[in-house]
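K.L.:
Predicted coordinates and the sequence they were generated for:
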Amino acid sequence: MRQTRAIELGTGLFVLLGFAALFFLITQITSREFGLGEGGYRLTASFDQVGGLKPGAPVSMSGVNIGRVESIAYDFDEYRARVVLRIEPSYDRIPEDSDASILTAGLLGGQYVGVGPGASETFFKDGDRIQFTQSAIVLENLISKFLFSKAAEQQPAEGSAQEAQP
Amino acid sequence: MAHGILRELADSSAEALRAFGRYALFAGRLAAETPRALLRFRLVIEQVHNAGAQSLVIIMLSGLFVGMVLGLQGFDLLERFGSEESLGSAVALGLLKELGPVVTALLFAGRAGTALASELGLMRATDQLSAIEMMAVDPVRRVVLPRFLGGVIAMPLLAAIFSMIGLFGGQLVGVQLMGVDQGQFWSQMRGAVEFGDVMEGVLKSAVFGVACSLVAVYEGYHSVPTAEGVGRATTRTVVISSVSVLLLDYMLTAVML
């Protein structure tokens, strides 16, 4: 009798410890935010270029996380990318003329949506659309733009030089 | 000459294939009997105690040291890139996805697997299994299956405990000894680790638990009923479980990455 009691005690302790460890790993270490995805309200924004933005990426205002990117899809009516943002319910006073831009965290970090507040007295409601958007910057475009502008600068100079020759 | 070698090769590969088939059949038999064994849960609980609670000390001690080494090595490596703050995520991901399940499974094979195999082998050698059979009780259902299930239940819990203790070991070295900022350590970890990473570790350790327990009970149950046979069964248990754990680890990682 004494033996089985000791076994039961040891087993109970072990199982309890095991599940406590599992619970600890899931709740304390992961970045899961409970409750998000259910509450809050949705905003949509259309971008010419979303770059490397992924669903689940943060939406931030002045660096404060206010929500997440829920979905990204291509909209054939506008021929632009349509991004649905889910904003946490406590951030319910975002002016209606605010702008959204796709930014990069750090030099090599992931991309996120930054919201800059406007000056309007009316605020966004569920289902509203952000009018002013700025697309993600694609590095290749930036480089090619830079090169073309350099080439354009040089061409007239060369042309005038040639004209002066004869 | 060449003919003889070819024949030997064919024979040994056929034998390996047969051994694999025997394992599969035994596993199928265990799976078929499992629902009935779960009704007599008291026997399983006893084996959870043997396989799990008895292995707790070695698992916790090993987890602490593995975590501490990870903290030390990770710090040394990350310091070269000037990103010591990522130590938390490095330690957590390393423990959760790889070292926790694998090292726990290897220790489990050494501690609980050998105990299972030698116990069953001795039962076979001393005709206890035949005696049970003579009483019209199926020894697989009464003796083997509870041990198998005990191991299967214990293994994921042991791996979770290992990872948790390892994290504290890593934190001990990284934060207390090496001076990484505690807030950075934990917040970077939270930023990098996702729910799927934890589940990957749990799934891995569950698979390893099945593999290790199966090997142990199979080798013990089918051991040659002599003193030498029991010894050999124990050795085979450790060798086969360790190799299959490492092989399965590669395959699971390749699938889930």
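P.N.:
On my side now, so go ahead. No experiment lies behind these values; they were computed from the predicted model shown.

K.L.:
Do I have it right that B:Ile153 meets B:Ile45?
P.N.:
No: with contacts counted by Cβ atoms under 8 Å, B:Ile153 stays clear of B:Ile45, the gap being 9.1 Å. To be clear about C-beta, it is placed using only N, CA and C from the backbone, and glycine gets the same treatment.

K.L.:
Buried residues, the helix or strand containing B:Ser62. List them.
P.N.:
Per DSSP states H and E, B:Ser62 falls inside helix B:56-80. For helix B:56-80, the neighbour count (16 or more other Cβ atoms under 10 Å in any protein chain shown) marks B:56, B:58-60, B:62-64, B:66-72, B:74-75, B:78 as buried.

K.L.:
for it, packing partners?
P.N.:
In terms of contacts (3 or more Cβ pairs under 8 Å, 6 or more residues apart in numbering or on different chains; DSSP states H and E), helix B:56-80 is packed against helix B:87-93, helix B:100-108, helix B:145-171.

K.L.:
Give me the distance from it to the chain's centre.
P.N.:
Here helix B:56-80 is found 19 Å from its chain centre; the criterion is Cα atoms, centre = their mean, to the nearest Å.

K.L.:
Just the mean pLDDT for it, thanks.
P.N.:
For helix B:56-80, the mean pLDDT works out to 92.

K.L.:
Measure how buried B:Ala51 is and give me the count.
P.N.:
Neighbour count for B:Ala51, taken as other Cβ atoms under 10 Å in any protein chain shown: 30.

K.L.:
need the residues of the stretch 1-150 of chain B near chain A, please.
P.N.:
Where the stretch 1-150 of chain B comes near chain A, counting by Cβ under 8 Å from any Cβ of the partner chain, the residues are B:45-46, B:48-49, B:52-54, B:56, B:92, B:96.

K.L.:
TSV for those residues, including secondary structure?
P.N.:
Shown next, in TSV, are those (DSSP: H, G, I helix; E, B strand; the rest coil):
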residue	secondary structure
B:Ile45	helix
B:Glu46	helix
B:Val48	helix
B:His49	helix
B:Gly52	coil
B:Ala53	helix
B:Gln54	helix
B:Leu56	helix
B:Ala92	helix
B:Leu96	helix
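
K.L.:
Give me the nearest residue to B:Ala206, chain neighbours excluded.
P.N.:
Computed as Cβ to Cβ, 6 or more residues apart in numbering or on different chains, the closest residue to B:Ala206 that is not its neighbour in sequence is B:Pro156, at 5.0 Å.

K.L.:
who touches the one you found in this structure?
P.N.:
The contact partners of B:Pro156, taken as Cβ atoms under 8 Å, 6 or more residues apart in numbering or on different chains, are A:18, A:22, B:202, B:205-206, B:209.

K.L.:
are any of those residues buried, and which?
P.N.:
By neighbour count, with 16+ other Cβ under 10 Å, those hold A:18, A:22, B:202, B:205-206, B:209 as buried.

K.L.:
Quick check: nearest residue in space to the closest residue to chain B within chain A, chain neighbours excluded?
P.N.:
Closest contact between chain A and chain B, by Cβ to the nearest Cβ, is at A:Gly18 (2.6 Å). Once flanking residues are discounted, A:Gly18 sits nearest to B:Leu157: 2.6 Å by Cβ to Cβ, 6+ apart.

K.L.:
Please verify my assumption that the one you found contacts A:Leu16.
P.N.:
No: with contact defined as Cβ under 8 Å, B:Leu157 and A:Leu16 do not form a contacting pair (9.5 Å).

K.L.:
Those two - which one has more neighbours?
P.N.:
Between B:Leu157 and A:Leu16, B:Leu157 has the larger neighbour count (other Cβ under 10 Å), namely 27 against 11.

K.L.:
which ones are touching the more buried one?
P.N.:
By Cβ under 8 Å, 6+ apart, the contact set of B:Leu157 is A:14-15, A:17-19, A:21-22, B:52.

K.L.:
ok, the most centrally placed residue in chain B - contacts?
P.N.:
For chain B, the residue nearest the mean C-alpha position is B:Ala105 (2.4 Å; Cα atoms, centre = their mean). Taking Cβ under 8 Å, 6+ apart as the contact definition, B:Ala105 lies against B:155, B:159, B:205, B:208-209, B:211-212, B:241, B:245.

K.L.:
among these, which two are most distant?
P.N.:
Farthest apart among the contacts of B:Ala105 by Cβ to Cβ are B:Ala159 and B:Ser241. That separation is 14.7 Å.

K.L.:
Can you name the residues that contact the closest residue to B:Ala90 other than its chain neighbours?
P.N.:
Sequence neighbours aside, B:Gly74 is the residue nearest to B:Ala90 in space, at 4.5 Å (criterion: Cβ to Cβ, 6+ apart). Counting by Cβ under 8 Å, 6+ apart, B:Gly74 makes contact with B:87, B:90-91, B:94, B:170, B:174.
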